[in-house]
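**Q** kindly return the folded structure for what I paste below:
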Amino acid sequence: MTPSNACYGFISLILIAASCLHAAFEIIADVIVKIYRICLFCYRKPHHAKELTVTTIHLMRVSYDAEIWTFGELWDVLRSHLITPMTKTASSRRGR
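**A** Residues are numbered from 1 along each chain as shown. You can find the predicted model right below:
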């Protein structure tokens, strides 16, 4: 008994759905890890977290008011100056 084209189509549809779900779960897991690391950074170094947040927001507000950056560029600055430093692991900060 040979499988029909409908069977092959159904199997390929299931594989596509599985790969999409896998990608979605990887993204969700990455976001959860970043949120955990940000919370851990804020818990361990509240003064640094506050200063980093205030400085970044001030830089963004002044630059946006002066029409230097667009919203997309502001998001890049927020991600590179606030989120990335808080989500680095301790071993990556030491250069290991």
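
**Q** list the buried residues for the longest helix along the chain?
**A** Determined from DSSP state H, the single longest helix within the chain is helix 5-44. By neighbour count on 16 or more other C-beta atoms under 10 Å, the buried set for helix 5-44 is 37-38, 41. In short, each C-beta sits where N, CA and C put it, glycine included.

**Q** what helices or strands is that helix leaning on?
**A** Using 3 or more C-beta pairs under 8 Å, 6 or more residues apart in numbering; DSSP states H and E, the elements in contact with helix 5-44 are helix 46-65, helix 84-87.

**Q** what distance do you get for the residue nearest in space to the middle of the chain to residue 24?
**A** Here the mean C-alpha position of the chain is nearest to the C-alpha of residue 31 (C-alpha atoms, centre = their mean), at a distance of 5.3 Å. Distance, residue 31 to residue 24, using C-beta to C-beta, to the nearest Å: 11 Å.

**Q** next, residue 68: secondary structure please.
**A** coil (DSSP: H, G, I helix; E, B strand; the rest coil).

**Q** chain center to stretch 57-66, what's the gap?
**A** Its chain's C-alpha centre and that of stretch 57-66 lie 22 Å apart, by C-alpha atoms, centre = their mean, to the nearest Å.

**Q** what is the mean pLDDT for that stretch?
**A** Averaged across stretch 57-66, the pLDDT comes to 83.

**Q** could you do stretch 24-39 as well?
**A** 92.

**Q** what's near enough to touch residue 60?
**A** With contacts defined as C-beta atoms under 8 Å, 6 or more residues apart in numbering, the neighbours of residue 60 are 69, 74, 77-78.

**Q** could you rerun that using 10 Å?
**A** Residue 60 makes contact with 69, 71, 73-75, 77-78, 81-82 under the criterion C-beta atoms under 10 Å, 6 or more residues apart in numbering.

**Q** and residue 14, by the same measure?
**A** If you count contacts by C-beta under 10 Å, 6+ apart, residue 14 has none.

**Q** and the gap between it and residue 8?
**A** Taking C-beta to C-beta, one finds residue 14 at 11 Å from residue 8.

**Q** ok, the contacts of residue 60 vs residue 48, which is closest?
**A** Nearest to residue 48, judged by C-beta to C-beta, of the contacts of residue 60 is residue 82 at 11.6 Å.
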